[in-house]
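**Q** what follows is a predicted structure for the sequence shown.
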Amino acid sequence: MRWFLLILLILPAPALAVDCSEVPHGGNTYSVCEVDLTKDDLQLFLKDPEGKIIGHFYRLEELLEERTLPFAMNAGMYHPDRAPVGHFIENGQEVMRIIPNAGPGNFGMLPNGVLCIRSKRADVIETLRYADEKPSCQYATQSGPMLVIDGKRHNSFLPDSTFRNIRNGVGTSKDGKRAIFAISDNSVTFYEFASLFLEHFELENALYFDGRISRLHAPQLERSDVGVQMGPIIGVVD
């Protein structure tokens, strides 16, 4: 028994599934969760088995039963009935087709993009490129605008903009193994938010999810935001 206890004491503690932290950048602060796609099970969620919108982090945790939810975030814009505005794939099933054309609001500020989740990788892909390449995604969510496109900030973002909001989004590494999810802790401009992914994390592609309704579930940060019912939710299932 003594040897067994000694082995337990010297074994390394299991690594956390998701690494979440507070990140300062450019005079603003962000809550950031980094997902390792080679290890973490990243999924998109919309409806429960009965066809009802999940809508809340606590409801998703209930559905997971004995599994845990170390990270979750709202993941794309939605209509009043919580249906996705753009392309959405859940567990291999297409719920909403791709929307390639410009339109009103932030979603239609082209170029917009798609977060595509495949086996052991996730990629933010500009919408027209996505439509042309037709990647086989297990999960996908379309949103807009793109924050960073091929290593360049969206050309509509102005450094002297005064339009500030709480914002959240995602950026992915070139090899698809790393996804950085961020939500601003204070109101930021699009230009500032894009700079977090481009300059601090040096990611070549990043996608905006939403503004005022942005929410994060991160037990590591002792945070699980509440509010009105959401549409698409992205999260890691442990």
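**A** Thanks, I have it. Residues are numbered from 1 along each chain as shown.
**Q** what are the boundaries of the helices in the chain?
**A** Applying DSSP state H to the chain gives helices spanning 2-10, 57-64, 127-133, 190-195.
**Q** most packed of the ones you listed?
**A** helix 190-195 (a mean of 23; mean count of other C-beta atoms under 10 Å). Quick note: C-beta positions are derived from backbone N, CA and C, even for glycine.
**Q** quick check: mean pLDDT of that helix?
**A** Averaged over helix 190-195, pLDDT sits at 98.
**Q** how far does that helix sit from the chain's center?
**A** 16 Å (C-alpha atoms, centre = their mean, to the nearest Å).
**Q** next: stretch 192-204.
**A** Worked out by C-alpha atoms, centre = their mean, stretch 192-204 lies 15 Å from the chain centre.
**Q** now swap in stretch 158-174 and tell me
**A** Relative to its chain's centre, stretch 158-174 lies at 13 Å (C-alpha atoms, centre = their mean).
**Q** gap between Ser136 and Asp40?
**A** Distance, Ser136 to Asp40, by C-beta to C-beta, to the nearest Å: 20 Å.
**Q** among the helices of the chain, which is nearest Glu94?
**A** Among the helices of the chain, helix 127-133 comes nearest to Glu94, with 12.9 Å by C-beta to C-beta.
**Q** which residues does that closest one contact?
**A** Contact with helix 127-133 is made by 87, 98-100, 110-114, 116, 125, 142, 144, as judged by C-beta atoms under 8 Å, 6 or more residues apart in numbering.
**Q** which pair in those has the greatest spatial separation?
**A** Leu110 and Cys116 (18.0 Å).
**Q** hang on, the earlier thing: now, the contacts of helix 127-133 that are in strands?
**A** Taking DSSP state E as the definition of strands, the contacts of helix 127-133 contribute 113-114, 116, 125, 142.
**Q** output the helices of the chain as TSV; include the columns distance to Gly27.
**A** Listed next are the helices of the chain as TSV, based on distance: least, C-beta to C-beta, whole Å:
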stretch	distance to Gly27
helix 2-10	44
helix 57-64	29
helix 127-133	31
helix 190-195	8
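**Q** of those helices, which is nearest Phe157?
**A** Minimum separation from Phe157 across the helices of the chain (C-beta to C-beta) falls at helix 190-195, 4.2 Å.
**Q** run through who's touching the closest one.
**A** Residues from elsewhere that reach helix 190-195 (C-beta under 8 Å, 6+ apart): 25-26, 28, 145, 147-148, 153-154, 156-159, 161, 163, 167, 169, 182, 184, 206, 208.
**Q** just the buried residues of the residues you listed.
**A** Buried residues within the contacts of helix 190-195, counting neighbours by 16 or more other C-beta atoms under 10 Å: 25, 28, 145, 147-148, 153-154, 157, 167, 169, 182, 184, 206, 208.
**Q** Ser136 and Asp40 - which one has more neighbours?
**A** Per other C-beta atoms under 10 Å, whichever of Ser136 and Asp40 has more neighbours is Asp40, with 21 against 10.
**Q** against Ser173, how distant is that one?
**A** Applying C-beta to C-beta to Asp40 and Ser173 gives a distance of 14 Å.
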